[in-house]
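Asker: here's my sequence, what's the structure:
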Amino acid sequence: MKEIKENTELVAFCGLYCGACKAFLKEKCNGCFKNDKATWCGIRICCKNKKITTCAECNEYTNPKDCKKFNNIMSKLFGLLFKSDRVACIAQIKKIGISGHAKRMTELKKHTIKKGST
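Answerer: Have a look, this model is predicted:
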């Protein structure tokens, strides 16, 4: 199993930290940027088309909750099941930058900010 390491390339387009994800650590996933099989992810496609690293850089929406690609039924289910707050992840990236986010998530050893913890 891989060790959790700080790496900005492991911050997913939606703000999750792939570097602390169980699938990534068990080498079952390469992370969002290298997972070319993730053609189902509208966020990934949108960010790649806009040539941005994360939704934190999007000029179209100041609040990711307003974006239908970011705030869709699948993301709502994911958030509910895993108590994940991707909006908080994006807010953290906007506040402390992608490097700060990667560092913070590595320190916490978490792939997401839990709902209600901000």
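
Asker: tell me, how many neighbours does residue 100 end up with?
Answerer: 13 (other C-beta atoms under 10 Å). Heads up, the C-betas are built off the backbone N, CA and C, glycines and all.

Asker: next up, phi/psi of it, please.
Answerer: phi -60, psi -40 (degrees, to the nearest 10).

Asker: residue numbering should commence at 45 henceforth.
Answerer: Taking 45 as the first residue, the last one we looked at is residue 144.

Asker: can you give me every residue that contacts it?
Answerer: Counting by C-beta atoms under 8 Å, 6 or more residues apart in numbering, residue 144 touches 136, 137.

Asker: again, only this time at 10 Å
Answerer: Residue 144 makes contacts with 52, 136, 137, as judged by C-beta atoms under 10 Å, 6 or more residues apart in numbering.

Asker: specify which member of those is nearest to residue 99.
Answerer: Distance ranking of the contacts of residue 144 against residue 99, using C-beta to C-beta, places residue 137 first at 8.3 Å.

Asker: quick check: closest non-adjacent residue to residue 114.
Answerer: Nearest in space to residue 114, with sequence neighbours left out and distances taken as C-beta to C-beta, 6 or more residues apart in numbering, is residue 108 at 4.3 Å.

Asker: and the pLDDT for that neighbour?
Answerer: Turning to residue 108, the model gives it a pLDDT of 92.

Asker: wait, it touches residue 130, no?
Answerer: Yes - with contact defined as C-beta atoms under 10 Å, residue 108 counts as touching residue 130 (7.2 Å).
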